[in-house]
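Undergrad: predicted model follows, preceded by the sequence.
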Amino acid sequence: YDERWYGQRILRRWDTSRLKVDTTIQKGFYTARQMSFGLSASTRIFGTYKFSPTSHIVGIRHEIRPTISLNYKPDMASKYFYTIQVDTSRRKMRFSQFDGGIIGPF
């Protein structure tokens, strides 16, 4: 679990009358969260192969390490992003409401 605290957020919107992007800075206390889950399993299996009694090699010992892992990270940060038009050619860009801060967005 990870949580970040912000003292402001930046909201942008396309102004159709003036044909430009308006930026609004809202001061306050804002939070953003993300989390991830993980599950892992590991074990070790040992084995030995013995050669014949007349061989110069007595045996070989070997080891197998199987591992299983599962990770999941839900997209909790998507609600902090938005897409707006940025010019008269209808080009769109994606912004975070926490861009420009000291910490930065997720």
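TA: Cool, the structure landed. Residues are numbered from 1 along each chain as shown.

Undergrad: phi, psi for F51 please.
TA: The phi and psi values for F51, taken as degrees, to the nearest 10, are phi -90, psi 180.

Undergrad: residues contacting it?
TA: 57-60 (Cβ atoms under 8 Å, 6 or more residues apart in numbering). Every residue, glycine included, has its C-beta placed from N, CA and C.

Undergrad: tell me the secondary structure of the spatially closest residue to Y6 that is not a sequence neighbour, please.
TA: Leaving aside its chain neighbours, Y6 sits nearest to Y30 (4.5 Å; criterion: Cβ to Cβ, 6 or more residues apart in numbering). Three-state call for Y30 (DSSP: H, G, I helix; E, B strand; the rest coil): strand.

Undergrad: before we move on, the earlier item: need the max-distance pair from the contacts of F51.
TA: Among those, the pair separated by the greatest distance (Cβ to Cβ) is V58 and I60, at 8.8 Å.

Undergrad: quick one: the strands in the protein?
TA: Ranges of strands in the chain, per DSSP state E, are 2-15, 20-34, 37-42, 45-50, 59-64, 67-72, 81-85, 92-96.

Undergrad: would you mind pulling up the elements that the second one packs against?
TA: If you count contacts as 3 or more Cβ pairs under 8 Å, 6 or more residues apart in numbering; DSSP states H and E, strand 20-34 packs onto strand 2-15.

Undergrad: helices or strands next to the strand it packs on in the packing?
TA: On a contact count with 3+ Cβ pairs under 8 Å, 6+ apart, strand 2-15 meets strand 20-34, strand 81-85.

Undergrad: show me the contacts for the residue nearest the centre of the chain.
TA: Among the residues of the chain, the one closest to the centroid is K73, at 7.0 Å (Cα atoms, centre = their mean). K73 makes contact with 34-37, according to Cβ under 8 Å, 6+ apart.

Undergrad: hmm, back to that, output the strands of the chain as JSON lines; include the columns mean neighbour count, mean pLDDT and distance to I103.
TA: Below are these laid out as JSON lines (neighbours: other Cβ atoms under 10 Å; pLDDT from 0 to 100; distance: least, Cβ to Cβ, whole Å):
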{"stretch": "strand 2-15", "mean neighbour count": "14", "mean pLDDT": "92", "distance to I103": "5"}
{"stretch": "strand 20-34", "mean neighbour count": "12", "mean pLDDT": "93", "distance to I103": "9"}
{"stretch": "strand 37-42", "mean neighbour count": "9", "mean pLDDT": "96", "distance to I103": "23"}
{"stretch": "strand 45-50", "mean neighbour count": "9", "mean pLDDT": "93", "distance to I103": "46"}
{"stretch": "strand 59-64", "mean neighbour count": "9", "mean pLDDT": "93", "distance to I103": "44"}
{"stretch": "strand 67-72", "mean neighbour count": "9", "mean pLDDT": "96", "distance to I103": "24"}
{"stretch": "strand 81-85", "mean neighbour count": "14", "mean pLDDT": "93", "distance to I103": "16"}
{"stretch": "strand 92-96", "mean neighbour count": "13", "mean pLDDT": "93", "distance to I103": "11"}
